[in-house]
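In: Dropping the sequence and predicted coords here.
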Amino acid sequence: MAASSFYLLHNLLTRRRDPNYPSAALKSIFFFMPTTLALVTSLLILLCISSTSTLFLPHHLHLTSSASASVNNEKPTKVFSFFPPEVVRFRKVSRRDGVIGEAEDQSDFKLHTGSRGMYINDTELFHDRDVFFENYEEMNRSFKIYVYSHKQDDPFANVLLPVGFEPGGNYASESYFKKNLVHSHFITKDPSTADLFFLPFSIARLRHDPRVGTNAMDKVVEVKLNAIQIVCSSSYYLSSYVAHKDASLPQIWPRQGDPPNLAQERSKLAFFAGTINSPVREKLLQVWENDSEISVHFGHLTTSYSKELLGSKFCLHVKGFEVNTARIGDALYYGCVPVIIANHYDLPFQDILNWNSFSIVVATLDIPLLKRILQGISVAEHLILQNNVLKVRKHFQWHLSPVDYDAFYLVMYELWLRRSSSRVGS
């Protein structure tokens, strides 16, 4: 900029000795002034961008390709430690008698700075603990839902009414939610006070019902666009599921009693058992079937499923027919760090929980790199992950009578967050 200005002044002084100076000077000014102004403006814009934008700032590398809990298959997994070195260096983790201990001196634990200049703590279970607990109290106090009533002799009673028994098995979550809701303090009999209206039908049970038909939702477009689905099969790859409008329900196999003793040694790196019902699982079997550290089973187990989970550091959740299975809940219950290999999975409770703090997400593209990724996680990092697994598992449990902060209450919180996102047409 200084060189251009000097040239302009020098040119003007030279032109003063020209007999045609006035007209020549004016032409020179009109020619060079816009150029100079454009150059100055460009420099100011670049200066502003470099001082305020994240464009020129280095991004910290994490194990997942995104800070979001949603699983994305657009980019391969970065094979790096999910904690930056400065975090692990100042974290003191101890193991006494096989029990994971808290950091001895929390003051030594340091945060790192994210790409937007904000402090990030990948060991914190909640995105914002204070905000969650404050909102949770408000939700618990004021949130109301109106449920359309139906009788036992209703033609669709098997679809609309909650089951009369204790739910069990692989798909118990939906039954648990409906059963818990209708007996909860969130129910109101006055529709004018309701934040949401619950249509208590099961999409799965109606999908092939000849009385309804496959195109029934086309008749109620307003409901289809504004209704909040509560589903386990929360894949945002499907057009029928809209992330951040619909709510992801954790698929959990209910278990009675307290979790088992977790003090035993976990000698196996990773474990998976299931049927071959997807290309993703076929790839997993092809790469790791005969590996000594990653145990992959697609048949009868010689040892019990629970012992395999208890003896493994990482437990694999691999996409089958759907992105969802009960394996995340299984892993958490048995104190095993879940490894999620299911592209497009909108993970449950992602508005509340920081999944980076208790799980590992691996893109399906990176199945051949799985051992390298898991072995790249240090002992200290694994202990932090497992410690958070023990803290978070209470949020992935159902009870006949709901308990504060269990799966039912967190689903209600997700609905409370979405209470203003639905619109009623005129």
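Out: Happy to help now that I have it.
In: so how far is residue 140 from residue 189?
Out: Using Cβ to Cβ, to the nearest Å, we find residue 189 at a distance of 19 Å from residue 140. Using the backbone N, CA and C atoms, a C-beta is placed for each residue, glycine as well.
In: Please apply the same query to residue 338.
Out: In this structure, residue 338 lies at 28 Å from residue 140, with Cβ to Cβ as the measure.
In: again with residue 368
Out: To residue 140, residue 368 is 47 Å away according to Cβ to Cβ.
In: In terms of neighbours, single out the busier of the two.
Out: In terms of neighbours (other Cβ atoms under 10 Å), residue 140 is the more surrounded of residue 368 and residue 140; the figures are 15 against 12.
In: Which residue, other than its chain neighbours, is closest to the more buried one?
Out: If you skip the residues right next to it in sequence, residue 140 has residue 409 as its closest partner in space, 7.7 Å away by Cβ to Cβ, 6 or more residues apart in numbering.
In: Contacts only, for the nearest residue to residue 318 once chain neighbours are set aside.
Out: Leaving out its chain neighbours, the residue that sits closest to residue 318 by Cβ to Cβ, 6+ apart is residue 341, at 4.8 Å. The contact partners of residue 341, by Cβ atoms under 8 Å, 6 or more residues apart in numbering, come to 280, 284, 316-319, 362-364, 367, 370.
In: Over to residue 349?
Out: Contact partners of residue 349, counting by Cβ under 8 Å, 6+ apart, are 248, 250, 395, 410, 414.
In: who wins for neighbours among those?
Out: Counting neighbours by other Cβ under 10 Å, residue 248 leads these with 28 neighbours.
In: which non-adjacent residue is nearest that residue?
Out: Nearest residue to residue 248, sequence neighbours excluded (Cβ to Cβ, 6+ apart): residue 234, at 3.6 Å.
In: wait, doesn't that neighbour sit right on residue 241?
Out: Yes - in this structure residue 234 lies within contact range of residue 241 using Cβ atoms under 8 Å: 5.8 Å.
In: any shared contact partners between those two?
Out: residue 346.
In: What is the burial count for residue 155?
Out: Neighbours of residue 155 using other Cβ under 10 Å come to 9.
In: Which phi and psi values does it adopt?
Out: Dihedral angles of residue 155 (phi, psi; degrees, to the nearest 10) stand at phi -60, psi -30.
In: Let me see the contact set for residue 237.
Out: Contact partners of residue 237, counting by Cβ under 8 Å, 6+ apart, are 323, 343-344.
In: which among these gets closest to residue 374?
Out: residue 343 (18.5 Å; Cβ to Cβ).
In: And the pLDDT for the closest one?
Out: According to the model's per-residue confidence, residue 343 sits at a pLDDT of 92.
In: Might one say that it is in contact with residue 278?
Out: No - if you go by Cβ under 8 Å, residue 343 and residue 278 don't touch, sitting 10.9 Å apart.
In: Looking at those two, which is more packed in?
Out: Neighbour tally, residue 343 and residue 278, criterion other Cβ under 10 Å: the higher count belongs to residue 343, 21 against 18.
In: Now do the SS call for the more buried one.
Out: Assigned with DSSP: H, G, I helix; E, B strand; the rest coil, residue 343 falls in the coil class.
In: Strands of the stretch 101-250 of the chain, start to end?
Out: Counting by DSSP state E, counting those that start in this stretch, the stretch 101-250 of the chain forms strands over residues 112-113, 119-120, 145-147, 196-198, 230-231, 247-248, given from the N-terminal end onward.
In: Now the weakest link among these, please, by mean pLDDT.
Out: When those are compared on mean pLDDT, strand 112-113 scores lowest, with a mean of 35.
In: Quick check: which ranges of the stretch 201-350 of the chain have low pLDDT?
Out: Using pLDDT under 70 as the threshold, the predicted model of the stretch 201-350 of the chain has low-confidence ranges 202-205, 263.
In: which residues of it fall in helices?
Out: Remark: helices assigned in the stretch 201-350 of the chain by DSSP state H, counting those that start in this stretch are 203-207, 221-226, 279-288, 305-310, 327-333.
In: by contact count, what packs against the last one?
Out: Yep, that's helix 327-333 we're talking about. Counting contacts by 3 or more Cβ pairs under 8 Å, 6 or more residues apart in numbering; DSSP states H and E, the secondary-structure elements packed against helix 327-333 are helix 305-310, strand 312-318, strand 337-341, helix 379-392.
In: Residue 123: which of these is closest?
Out: Distances from residue 123 to each of the helices and strands packed on helix 327-333 were compared using Cβ to Cβ; the shortest belongs to helix 379-392, at 5.3 Å.
In: avg pLDDT for that closest one?
Out: 95.
In: Mind listing what's buried along that helix?
Out: Of the residues in helix 379-392, those buried by neighbour count under the rule 16 or more other Cβ atoms under 10 Å are 380-389, 392.
In: Name the nearest residue to residue 170, ignoring sequence neighbours.
Out: With Cβ to Cβ, 6+ apart as the measure, residue 326 is the residue that lies nearest to residue 170, at 5.4 Å, once sequence neighbours are left out.
In: ok, now which ones touch that neighbour?
Out: By Cβ under 8 Å, 6+ apart, residue 326 lies in contact with 170, 251-253.
In: please redo it, this time with the cut-off set to 6 Å
Out: Each residue near residue 326 by Cβ atoms under 6 Å, 6 or more residues apart in numbering is listed here: 170, 251, 253.
In: Just put the contacts of residue 237 in JSON lines and tack on distance to residue 166.
Out: Formatted as JSON lines, the contacts of residue 237 follow (distance: Cβ to Cβ, whole Å):
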{"residue": "323", "distance to residue 166": "27"}
{"residue": "343", "distance to residue 166": "34"}
{"residue": "344", "distance to residue 166": "32"}
